[in-house]
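K.L.:
Return atomic coordinates for the entry below.
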Amino acid sequence: MESANDLKDKTAKGLLWGMANNGATQLLNIVFGIILARLLSQEDYGLASELAIFSAIAAALQESGFISALTNRKNATHEDYNSVFWFNISMSALLYVILWFSAPLIVRFFGDSELLWLSRYAFLGFFFASFSITPRAILFKQMRVKEQAIIGVIALIISGAVGITMALLGMSYWSIVTQAMIYVTVVSILSWKYSGFCPSFHFSFQPIKEMFGFSCKLLITNILNCINNKLFTLVFGYFYTKNMVGTYDQADKWNKMGSQLITGMVQGVAQPMFVQVGDDPERLQRVFRKMLRFTCFVAFPAMFGLALVAKEFIVIAVGEKWLSSAEMMQLLCIAGAFMPITALYFNFLISRGRSDVYMWNIISQGLVILGLLVAVKKFGWVWNFSLFTFHFSLSDVRLMVVCYVVVYILWLFIWHAFLKREIHLGFLKAIKDLLPFALIAAATMILTYFLTRGIENIYLLLVVRVLMAAVIYVVAMWLSGAKIFKECIGYLRKK
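P.N.:
A predicted model of the protein is given here:
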């Protein structure tokens, strides 16, 4: 076990590199996303999005939870890594064959004949990705966030350039699918380079058997997570049009870019850090609370701020044809603020070997959300209500998104109930850590909205809102004496 100071320094460096990595990643995603969204249509994105859930489920099956299992393994050997490598390759080859023959069923479900060969081409991506699983597990376990950052940025630049070139050549939705395939291929190549992993042809099932009890629960959970993340794509694709799928996909894409900036930073260090802390409940509680405060300090202003400027950002970035995505994006950003916090909770539970808790939470959450979506569609509710000078009209589509947001936020209490059993952290202490940042961030955005709503120029409005919100939030943090804020400033100055 590392000393407290060594672990603290490694975690801080991991978070710093994670922030740099995710910041650069999301910046590149924004640039490439803007260009592609201007070149392509809602229908193009809708077609590509309809396939995403199948690729995601296949990716979860190929990985089978072994990255987390290897991270939790105290003294992982070359035999462990080698066994996982060959298992992943074999599983991926089998899955690709199954999906190849399943393509006609996918066409029948969505009613789009273009999906036949597009799906068979797209599914090659997850097979190429299988070669990177073991090298990525090594980098993740060793908390080598710097190397992961370099890999991600290089892969994005190359894949983005290919995608844009194909879109300019008029290759429509093929450019989106190819971009994703090039990305995972480059990640695989560079992960091998940085990890130094060299497989051998000696294969043993014993490590797989030893880890499978833990990893199988993560496998089930990851599959259900994929379904949960793509519930709207399935529902909209089945009941509505490709245009609606594309509209939602655009809103969800920008929301995920924002939330992933913080989630990726937290996930890059959370599980290995908690594993290295050990089994001391008091120390674990201190470390978790500090990570919770840091996550809230960053997540709430970032995501509430993105909701504040959603309309201006969408119009400026990708054009007025995507304006219908902005309202969905505003709602999704509220849930997006809680995604990094939820990720912190389930990473802690995974580090304690509680993959069963993670699994049943995701199953229950998905069933509740699906039930609400079906109920809204069946009864066709439309809500109209007013609050002060604001007037709201919720169609069944928007009401579905609202239901998802509410369930996602309330589920945090359930996550905490399980965490409390592990380290005896009371609800009030967690709320004390979380609520001040949420309230200050919300107040900051509300104040910024009212101070800037008279600005008519959309470009000026976006810039002023971003700068004003940032200044108000920083001043509020300073005046409130937030310890985590001062520690972050101190660390950055030292570096």
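
K.L.:
Looking at the chain, name the residue that lies furthest from the middle.
P.N.:
residue 202 (35.7 Å; Cα atoms, centre = their mean).

K.L.:
low-scoring pLDDT stretches of the stretch 351-495 of the chain, where are they?
P.N.:
In the prediction, the stretch 351-495 of the chain carries residues with pLDDT under 70 at positions 380-396, 488, 490-495.

K.L.:
hmm, 90 instead?
P.N.:
351-404, 419-427, 430, 433, 453-454, 456, 477-478, 480-495 (pLDDT under 90).

K.L.:
show me the residues around the closest residue to the residue farthest from the centre of the chain other than its chain neighbours that make contact.
P.N.:
Take residue 202 and drop its neighbours on the chain: the residue closest to it by Cβ to Cβ, 6 or more residues apart in numbering is residue 82, 7.0 Å away. The way it works is simple: take the backbone N, C-alpha and C, and place the C-beta from them, glycine included. For residue 82, the contacting residues are 134, 199, 200, 202, 203, by Cβ atoms under 8 Å, 6 or more residues apart in numbering.

K.L.:
switch the cut-off to 10 Å
P.N.:
Counting by Cβ atoms under 10 Å, 6 or more residues apart in numbering, residue 82 touches 134, 197, 198, 199, 200, 201, 202, 203, 204, 207.

K.L.:
I figured the residue farthest from the centre of the chain hits residue 85, correct?
P.N.:
No. Using Cβ atoms under 10 Å, residue 202 is not in contact with residue 85; the gap is 11.5 Å.

K.L.:
Which element, helix or strand, includes the spatially closest residue to residue 293 that is not a sequence neighbour?
P.N.:
Using Cβ to Cβ, 6+ apart and skipping residues adjacent in sequence, the residue nearest residue 293 is residue 484, 4.5 Å away. Assessed by DSSP states H and E, residue 484 sits inside helix 483-494.

K.L.:
Same question for residue 95.
P.N.:
Residue 95 belongs to helix 78-110, assigned by DSSP H and E.

K.L.:
Tell me which residues are up against the very next helix or strand once past that helix.
P.N.:
Proceeding N to C from helix 78-110, the next assigned helix or strand is helix 115-122, under DSSP H and E. Helix 115-122 has contacts (Cβ under 10 Å, 6+ apart) with 47-48, 50-52, 54-55, 96, 99-110, 112, 173-174, 176-178, 180-181.

K.L.:
Next one: the one residue sitting closest to the centre of the chain from residue 406, what distance?
P.N.:
By Cα atoms, centre = their mean, the chain has its centre lying nearest to residue 260, at 4.5 Å. As for residue 260, its distance to residue 406 is 22 Å (criterion: Cβ to Cβ, to the nearest Å).

K.L.:
Filter the contacts of helix 115-122 down to the buried ones, PyMOL style.
P.N.:
Restricted to buried positions by 16 or more other Cβ atoms under 10 Å, the PyMOL selection for the contacts of helix 115-122 reads:
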select buried, resi 47+48+50+51+52+54+55+96+99+103+106+107+110+112+173+174+176+177+178+180+181
